[in-house]
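structure, please.
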Amino acid sequence: EWISGPAAAVWAEPLALSMYIVLVEQGGAVALLRALLECANGVMPPNLVTDVSAAMFGAWAATGDAVFSQWLIAALGPEGDGFPRQGTTAQNKADFHDALLMLGAGGAGDEKGAVKMDLRRFKRQVKSFCGGKKVGTKG
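Modelled structure (predicted):
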């Protein structure tokens, strides 16, 4: 049975604190973001990259640049870890990070914000970095 009304308020704060601990303090958000990136990199069928990108985009929209940026940097991993493919450098990862979050992008005010918070643009960046034809695959 779903808890609603005044009873739900009793559970809201402890639930929020629990989620904060799991996602932020225990690294769950970084692990979840890495899993989503791996999904976009071929763990899941290519037609699901839109859904994967939407989940990542929602996390970014909810947390903002500062928090999501920290998670993304950690989730991308170090140079030489083979993600998203062998030969990806730390600079490639930094460039993806900056392009995905539109850090240092031109534009002003609401115009930049409207372009920045565009799921289609975000998905294109994810697909460009993680997607593409993988060696040894069919299709």
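
Ala29: what's it in contact with?
Leu23, Ala59, Trp71 (Cβ atoms under 8 Å, 6 or more residues apart in numbering). Quick note: C-beta positions are derived from backbone N, CA and C, even for glycine.

so which bits of the helix or strand hosting it are buried?
Taking DSSP states H and E as the criterion, Ala29 maps to helix 28-38. Neighbour counts over helix 28-38 (16 or more other Cβ atoms under 10 Å) mark Ala29, Val30, Leu32, Leu33, Arg34, Leu36, Leu37, Glu38 as buried.

so the first one versus Met56, what's the distance?
Counting by Cβ to Cβ, to the nearest Å, the separation of Ala29 from Met56 is 11 Å.

what mean pLDDT does stretch 13-28 get?
The average pLDDT within stretch 13-28 is 81.

how about stretch 96-114?
Confidence over stretch 96-114 (mean pLDDT, whole number) is 73.

ends of it, how far apart?
One end of stretch 96-114 sits 20 Å from the other (Cα to Cα, to the nearest Å).

can you give me the strands for the protein?
Here the chain has no strands by DSSP state E.

let me see the contact set for Asn92.
Going by Cβ under 8 Å, 6+ apart, the list of residues near Asn92 reads Phe129.

okay, it: pLDDT?
For Asn92, pLDDT reads 96.

from Gly80, how far out is it?
Separation of Asn92 from Gly80 (Cβ to Cβ): 12 Å.

list residues touching both of those two?
In terms of Cβ under 8 Å, 6+ apart, Asn92 and Gly80 are not both contacted by any residue.

grab the most central residue of the protein for me.
A centroid search over the chain (Cα atoms, centre = their mean) returns Met56, at 3.6 Å, as the residue closest to the centre.

nice, that's everything, thank you.
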